[in-house]
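Undergrad: prediction below, plus the sequence it came from.
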Amino acid sequence: MVGKERGLVIVFTGNGKGKTTAALGLALRAWGHEMKVLVLQFIKGQICGEHLAAEKLNRGIEIRPLGLGFINFNDPAAVNKQKEKAKEAIKQAMQTMAEGFHILILDEILYALKYGLVELDQVVNLIKNKPEELHLVLTGRDAPSEIIALADLVTEMKEIKHPYKENIPAQKGIEY
């Protein structure tokens with residue numbers, strides 16, 4: 001471990017843009033201090049700019065997309081497939097907590113929770129069973145009060161204005 005700090009539970013939530021971006025900024029800062037960072041991405045399955053950047057860094061930050069991408073939640077078959085992926089992601093999160101990472105980021109786990117892909121008790125269990133020195137970061141919309149109560153730091157991103165409302169599509173390097 002770098003330093004003797006107690007690992008924090010950090011939540012980035014809210015309806016505004018920036019939750020994953022904040023977590024990745026934290027990852028980059030930690031990498032600068034020679035800390036090992038693992039990002040497990042719930043939901044996301046496609047290669048995004050953050051994956052390309054982590055590859056270029058060559059060490060220190062590892063990103064694993066473990067989902068199928070954002071799906072139509074009205075399609076039961078797609079939801080079931082995404083649930084299976086989320087189940088594996090939870091299992092991987094539990095396993096990797098003991099692998100010597102300084103920071104474990106569970107990107108979009110709160111989104112997975114919101115849509116019933118993972119259960120609240122599974123997320124609470126992850127938090128309560130994390131190693132003392134591990135910093136655990138959870139991102140996604142609608143963090144439930146139980147998660148907020150367990151966290152050491154919670155930041156809510158609030159949307160004020162977004163280009164989607166002006167029919168401007170997602171921008172490479174900004175949203176993905």
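TA: Okay, I see it. Numbering: from 1, shown residues only.
Undergrad: ok, residues contacting the lowest-mean-pLDDT helix or strand in the chain?
TA: Of all the helices and strands that make up the chain, helix 49-57 has the lowest average by mean pLDDT, DSSP states H and E, namely a mean of 78. With C-beta atoms under 8 Å, 6 or more residues apart in numbering as the test, helix 49-57 has contacts from 20, 24, 31, 39, 61-63, 65, 172-173, 176. Yep, even glycine has a C-beta here, placed from its N, CA and C like the rest.
Undergrad: need the contact partners of the top helix by length along the chain.
TA: With residue count as the measure and DSSP state H as the assignment, the chain has helix 76-96 as its longest helix. Identification of contacts with helix 76-96 by C-beta under 8 Å, 6+ apart yields 38, 40, 42-43, 45, 64, 66-68, 71-73, 104, 106, 109, 112, 115-118, 122, 126, 129.
Undergrad: can you list the weak-confidence ranges in this structure?
TA: Segments of the chain classed as low confidence (criterion: pLDDT under 70) are 1-4, 58.
Undergrad: quick one: the residue positioned nearest the centre of the chain and Glu5, what's the gap?
TA: Relative to the mean C-alpha position of the chain, the nearest C-alpha, by C-alpha atoms, centre = their mean, is the one of Asp107, at 1.1 Å. According to C-beta to C-beta, to the nearest Å, Asp107 stands 22 Å off from Glu5.
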